[in-house]
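Asker: mind folding the following:
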Amino acid sequence: MHNESISQLIPVHACDYEVNEGIVTALYRKESRSFIDKILFSKLNKTPYKIDFDEIGSFVWQQIDGVRSVNEITNICENHFAKGLEQAGDRIELFVKELARTKLITLYKKR
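Answerer: Okay, the predicted model is just below:
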């Protein structure tokens with residue numbers, strides 16, 4: 001995905017999450033790779049992994065609503081953090097790409 005195209009995509013949460021005092025914890029289940037893993041490690045498959053985001057990551061996550069594009073979320077973050085977020089566009093795009101790569105979100109084209 002090129003940087004030009006990701007800014008127009010719409011992220012959507014693909015996992016459960018919790019918010020505690022403004023900090024987001026994403027909960028996801030790692031999929032087993034084989035039938036044997038599913039049988040032998042069935043209890044492990046039911047336990048979600050947790051990822052705690054920092055303040056900026058948590059704010060970005062909470063802006064994901066299935067309607068706003070990455071570009072719109074970047075603008076909201078720039079306004080919220082003012083000058084405290086240097087190179088916001090690049091940082092947020094990198095963060096969104098990583099969320100998509102780890103399947104915590106999915107990205108859709110705007111219709």
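
Asker: please work out the average pLDDT along the host helix or strand of E98.
Answerer: In this structure, E98 is located in helix 88-101 according to DSSP states H and E. Helix 88-101 shows a mean pLDDT of 90.

Asker: name the helices or strands packed onto it?
Answerer: In this structure, helix 88-101 makes packing contacts with helix 3-6, strand 10-13, helix 55-63, helix 70-81, strand 105-108, judged by 3 or more CB pairs under 8 Å, 6 or more residues apart in numbering; DSSP states H and E. Bear in mind the C-beta positions are built from the backbone N, C-alpha and C, glycine included.

Asker: where are the low-confidence patches of the chain?
Answerer: The model of the chain has pLDDT under 70 over residues 1-4, 30-46, 83-86.

Asker: let's go with 90 and repeat that
Answerer: Counting by pLDDT under 90, the chain shows low-confidence ranges at 1-5, 28-49, 78-91, 110-111.
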